[in-house]
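Undergrad: Let me see the structure of the following:
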Amino acid sequence: MAQRLLHGILHATIFEADCMSMTTSIPSRPIQKTPTASKRRVCRIFSWIKRVSFCPPKVVEEIEDSIGWGEGSGKLYATVDVEKARVGRTRVISDELTNPKWNESFRIYCAHWAADIIFTIKSENPIGASLIGRAFLPVEDIINGEQVDRWLAICDEDRKPLEGGAKIHVRMQYLSVSKDLTANWGKGISSPRYPGVPHTFFPQRRDCRVTLYQDAHVPNNFSPRIPLSGGRYYEPHRCWEDIFDAITNARQLVYITGWSVYTNITLIRDPQRPKPGGNATLGELLKKKAAEGVRVLMLVWDDRTSQGLGPLRKDGLMATHDQDTERYFYGTDVHCILCPRNPDRGESYVQGLEVATMFTHHQKTVIVDYEVPAAGNKKYLTTTTRTKATRSILSFVGGIDLCDGRYDTQDHPLFRTLARLTVLISINPTLQALPFEKGGQESHGMTYTAGWKDRLSWAPAAIREDGEAWNVQVFRSIDGGAVVGFPEVPEDAAARGLVTGKDHVIERSIQDAYIQAIRRAKNFIYIENQYFLGSSYSWRPQDIKVEDIGALHLIPKELSLKIISKIEAGERFAVYVVIPMWPEGIPESASVQAILDWQRRTMEMMYADIAQAIRANGLQADPKDYLSFFCLGNREVRTSGEYKPEERPNPDTDYERAQQARRFMIYVHAKMMIVDDEYIIIGSANINQRSMDGGRDSEIAMGAYQPDYLMTTKQPAKGQIHGFRLALWFEHLQRLDDDFLLPQSRECVRKVNQIAERNWNLYVSDTLYNDLPGHLLSYPMKINGDGELADLPGMEFFPDTKARVRGTKSDYLPPILTT
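TA: Next up, the predicted model:
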């Protein structure tokens, strides 16, 4: 049967199964003749887990003994698959094996080609599951939107009904994206009364204040003249300065969550902008506030590999300083708790080990109380008369950890400021043999190009009279293992926008927010993110089994489907994606190469979709006219009197070659998407399965827009988001241009690509006469006619490294670790 595109919402209900007792009961051995995906995953991950986890020996022995087939447990659950993508799962039933009744409903975002919706009945095992059978609902029966309510025969592997007449009762309805009123397909935020992303845990809040940051610091000389509506100009802001002021001025509370919090960093470093007390380290500042009676609470991810078991274990595999941070505050008034990423109680042994050893708490927030100016201050319009200032909540949300390797400015210097910036240590986890020196510049390769603060004031005293109010909604990726108070009943959880399955409660509203924003998009999307991979169900199979990859989030596929829809409608649309040259880690290492391989497959999937649409519509166009990938880098000529580190890098290392060539990438650590200059998502979540899943890394983000600065048919949005984007483009391109006002135009896309290609050629050239004139570089890959990516001529490896640009598939690292 031919596949059809399901792009929209699936409303699915699994009621019950019947006649299960006549299916040879629960098989003692699974029907399938090959291992389940769970068992294949165990075989790949188990040796890795033994090296990095700290499981009791008895647990290890039990898992090793269980790697075999296992027996049915007498606990049944059902799943929903769109072809090979798992999109829903019921709770486990153990007391009604002949007639299990689930009565669970699912609201499922879909962007899949499929011939069937597949309902699978399984018996849960400690590791993996035993297959009972599958039922098939043809997509053709639901494609036109009719609700289908029927009993389906449960079949064996050959799609023959099981003996005894086993069947499952389901209901299904498909709502295409063009008919889904909540999607506002291709219309943008059409009204200031837009209610926010539907079916999410947190509602949208009105009348908030938001400040956007593009780096940890902005020097005085960075001042692009960017006009906004109303005759004003955009003003950049200084993130770490504002965090310092917020903590310093707190009177009641300072709450911090972080993947890493390092007490030895200083927030104030610019000698042109000193502040009283600015020489204090973060640890000293927090202890001072706690001693003043401010309640200082810190939740820091507990890296289980940092257990003091030798040199590797002392700092942990991720070198987050978690043990040092806990020891620093021990016995003080600061309450610092190391919080491991514990699995939800509904997860299996294998899933629990994966979560505990592979995943993290990745959220980054600073929450303080701050003073709301009194009613007499004309900057605010208050709804109640106040005679004195009151206090409200100020929250910093984004991608910048309060740790080493995060401070940078728009110049992204490499060598010239090694002796000038007031920092404590020079780090670069993407290079081998980098000498650590006191007084050196911090993090050439771990630079944030974007980090932001969400200033939420939900008290009624903060409504701005100058039209600068924001509507803000908080999103998360998190599960019941990290949250207290999630509803446990599936019906109650679904009512709060949560996803349930096998007694596992998940919030994945960050992914939902991205999907909704992409579907609303009318003209363009601009993304900066540390990772870009996903929609693996749509990758070319070639040398992989796509159902084993598990990077199922929809964001890349949603982007390509949006572009295709615009091509078919004869309308312009452009997507710009800025990513690091390579992700964090040694570039030729197996893990980084595996991630680059997944990234390439994601890009190829998208470009193949676009190339096919271009051919089908008879266009003479380049796929990069619609979708362009970039990275960031810098290169500096040597100047007279320049500081030279005393210690030389080890010979024949990436770092030595980078020093000789006077170049290195600017590490993109941002997690941000701008849509049509009217809506922005910012937070801690990467565009990969770890961040978008909900059951893996915990994340937090916000989506925001200004109701008074929305795109209309006559003019583009020109509020703070517009100014923020152009400030980023000025940072990356070192210029402003009238074409940048319409990013969707072919003129703008081609101009940006031409500048980026020129910068790349200068970056890799053998000779260097001047500093690089801009930081934006074309991502070094060539697109063939069918969307397949190939190496640029002579560019199989990244400059100054032995790392393949295309990446290399790993045969031993489990996909769950690298996706």
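
Undergrad: When you work out contacts or count neighbours from here on, use the C-alpha atoms and nothing else.
TA: Noted.

Undergrad: got the contact list for the closest residue to P340 other than its chain neighbours?
TA: Spatial nearest neighbour of P340, excluding adjacent residues (CA to CA, 6 or more residues apart in numbering): D302 at 4.5 Å. Listed by CA atoms under 8 Å, 6 or more residues apart in numbering, the contact partners of D302 are 322, 338-341.

Undergrad: quick one: which of those is nearest A17?
TA: R341 (35.4 Å; CA to CA).

Undergrad: so the closest one sits right up against H361, yeah?
TA: Yes. If you go by CA atoms under 8 Å, R341 and H361 touch, sitting 6.0 Å apart.

Undergrad: Please identify every residue contacting each of these two.
TA: Contacts common to R341 and H361, judged by CA under 8 Å, 6+ apart, are 301, 697.

Undergrad: Pull up the gap between the residue nearest to P340 and V483, please.
TA: Applying CA to CA, to the nearest Å, the value for D302 to V483 is 16 Å.

Undergrad: start to end distance for stretch 801-817?
TA: End to end - CA to CA - stretch 801-817 spans 24 Å.

Undergrad: Quick one: residues in contact with that stretch.
TA: 41, 44-45, 48, 358, 548-550, 587-598, 600, 653-654, 657, 780-781, 790-791, 795-798.

Undergrad: Show me which of those residues are buried.
TA: 41, 45, 48, 358, 548-550, 587-588, 590-598, 600, 653-654, 657, 780-781, 790, 796-798 (16 or more other CA atoms under 10 Å).

Undergrad: after the strand or helix carrying W102, next one along is what?
TA: Using DSSP states H and E, the element containing W102 is strand 101-114. As assigned by DSSP H and E, the chain's next helix or strand after strand 101-114 is strand 116-124.

Undergrad: Can you show me the strands along the stretch 601-750 of the chain?
TA: Under the criterion DSSP state E, counting those that start in this stretch, the stretch 601-750 of the chain contains strands at 627-635, 663-665, 671-675, 679-683, 699-705.

Undergrad: Packing partners of the second one?
TA: On a contact count with 3 or more CA pairs under 8 Å, 6 or more residues apart in numbering; DSSP states H and E, strand 663-665 meets strand 627-635.

Undergrad: who does the strand it packs on touch, helix- and strand-wise?
TA: Secondary elements touching strand 627-635 (3+ CA pairs under 8 Å, 6+ apart): strand 574-578, strand 663-665, helix 746-764, strand 776-778.

Undergrad: Just name the most buried of those.
TA: strand 776-778 (a mean of 26; mean count of other CA atoms under 10 Å).

Undergrad: ok, back up a step: contacts for the strand holding W102 next, please.
TA: 2-17, 82-83, 87-88, 90-91, 93, 139, 490-491, 494, 499, 538, 554, 557-558.

Undergrad: again, but for stretch 586-597
TA: 429-432, 582-585, 801-810, 813, 818-819.

Undergrad: Show me how to select, in ChimeraX, the buried members of the residues you listed.
TA: Restricted to buried positions by 16+ other CA under 10 Å, the ChimeraX selection for these reads:
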select :429,430,431,432,582,583,584,585,801,803,804,805,806,807,808,809,810,813,818,819
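
Undergrad: Just to be sure, which of the contacts of stretch 586-597 are found in helices?
TA: Of the contacts of stretch 586-597, the ones assigned to helices by DSSP state H are T818.

Undergrad: hmm, back to that, against R341, how distant is the residue nearest to P340?
TA: In terms of CA to CA, D302 sits 7 Å off from R341.

Undergrad: Over to D739?
TA: 46 Å.

Undergrad: Among the two, which residue is more densely surrounded?
TA: Taking other CA atoms under 10 Å, D739 and R341 do not tie; R341 has more neighbours (24 against 15).

Undergrad: Wasn't that one part of a strand?
TA: No. With DSSP: H, G, I helix; E, B strand; the rest coil as the criterion, R341 is assigned coil and is not in a strand.

Undergrad: so who does it touch?
TA: Contacts of R341 (CA under 8 Å, 6+ apart): 301-302, 355-356, 359-361, 481-482, 697.

Undergrad: how about CSV for those, with distance to S178 added?
TA: Formatted as CSV, the contacts of R341 follow (distance: CA to CA, whole Å):
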residue, distance to S178
W301, 42
D302, 45
V355, 37
A356, 41
F359, 37
T360, 37
H361, 36
G481, 36
A482, 36
D697, 32
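
Undergrad: Thanks again, I'm all set now.
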